[in-house]
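# next comes the sequence, and after it the predicted model I'd like to discuss.
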Amino acid sequence: MAALTPSIARQPRTPRKQKGYVLLLTLITLVVLLFGVLFTMRGTLFQSVMTGNTVQRQKDVQAGDLALRQVQQALIATVQGAGNQVLDVAASGQPWFYAPTVAPASPASAVPGADAPYAGFWTSCSANNQCAPLSSVVSVLSPAPPAINDASGQPYRILVSVWPTNRPTNAYACGTTGYTASYYTVFLNIGEASGSTAINTQSVIKLCTT
């Protein structure tokens, strides 16, 4: 009887080239995933920064509203202290009152810090006696209004420049007071103490004078 010799099934060997291909594919996949994670993190961080800047700019606008009210009170006090004369006379010599060669007809034209020929206005206006810090403008008020602070508790850096407009005076806009309405544009540059964000605002105000 013939002896049966069991046959041993040999497992196919994985070629070395195939092992190298799998390793390379794995490395490429890991690199792609890494770049994906980095891209996602970058987008998230960028979005967080943008959101933070937007919120801070909204706070800057609120600070600008507070500063505008203080400036309005200061202008009224300046006019009354000069016997209700027009601001051009009452504020003569004040660095924050500026009568430019090109006076804006409205807040939308010739805006300092934005439009020519006053694009670089806020960087040089203090040295040229064309603007002044808010604290200097409101120094005529008694008691002095409180400082306007940013989120860190530090006072905002607020520059004020008041310009006459091209709007004509109005003898009827002040009611039966006998005064005549004159119009002025208040420009504000509000920035955090750290310098992270800054905004420019403007508003036309009416002053009733003789």
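Nice, thanks for sending it over.
# helices along this protein, start to end?
Taking DSSP state H, the helices of the chain run over residues 16-81, 87-90, 121-124, 134-137.
# which of those sits most buried?
Mean neighbour count, computed with mean count of other CB atoms under 10 Å, is highest for helix 134-137 among the helices of the chain, reaching a mean of 21. Where you see a C-beta, it was placed from the backbone N, CA and C, and this is true even at glycine.
# check which helices and strands it is in contact with.
If contacts are counted by 3 or more CB pairs under 8 Å, 6 or more residues apart in numbering; DSSP states H and E, helix 134-137 sits against helix 16-81, strand 157-164.
# please compute how far that helix lies from its chain's middle.
20 Å (CA atoms, centre = their mean, to the nearest Å).
# quick one: contacts of that helix?
By CB atoms under 8 Å, 6 or more residues apart in numbering, the residues outside helix 134-137 that reach it are Ala67, Gln70, Val71, Ala74, Pro95, Trp96, Ala147, Ile148, Ile158, Leu159, Val160, Leu188.
# my guess is Gln130 contacts Pro95, does it?
Yes - contact criterion CB atoms under 8 Å: Gln130 and Pro95 qualify, at 7.0 Å.
# more crowded one of the two?
Each of Gln130 and Pro95 has its neighbours counted (other CB atoms under 10 Å); Gln130 has more, 22 against 18.
# which ones are touching that one?
Pro95, Tyr98, Phe121, Ser124, Ser161.
# one more pass at 6 Å, please.
Tyr98, Ser161 (CB atoms under 6 Å, 6 or more residues apart in numbering).
# report pLDDT for it.
Model confidence at Gln130, given as pLDDT, is 92.
# likewise Gln56?
We have a pLDDT of 59 for Gln56.
# repeat for Pro117
76.
# lowest-pLDDT helix or strand in this structure?
In the chain, no helix or strand scores lower on mean pLDDT, DSSP states H and E than helix 16-81, which sits at a mean of 76.
# run the chain-centre distance for stretch 138-147.
The chain centroid and the centroid of stretch 138-147 are separated by 24 Å under CA atoms, centre = their mean.
# which outside residues touch that stretch?
The contact list for stretch 138-147, computed with CB under 6 Å, 6+ apart, reads Gln70, Gln73, Ala74, Ala77, Thr78, Pro155.
# tabulate the residues you listed in CSV, adding columns for distance to Arg42.
Below are the contacts of stretch 138-147 laid out as CSV (distance: CB to CB, whole Å):
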residue, distance to Arg42
Gln70, 42
Gln73, 47
Ala74, 46
Ala77, 52
Thr78, 52
Pro155, 35
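# quick check: the farthest pair among the residues you listed?
Thr78 and Pro155 (22.2 Å; CB to CB).
# of all residues in the chain, which one is nearest the centre?
Centroid-nearest residue in the chain, with CA atoms, centre = their mean: Ile199, separated by 2.6 Å.
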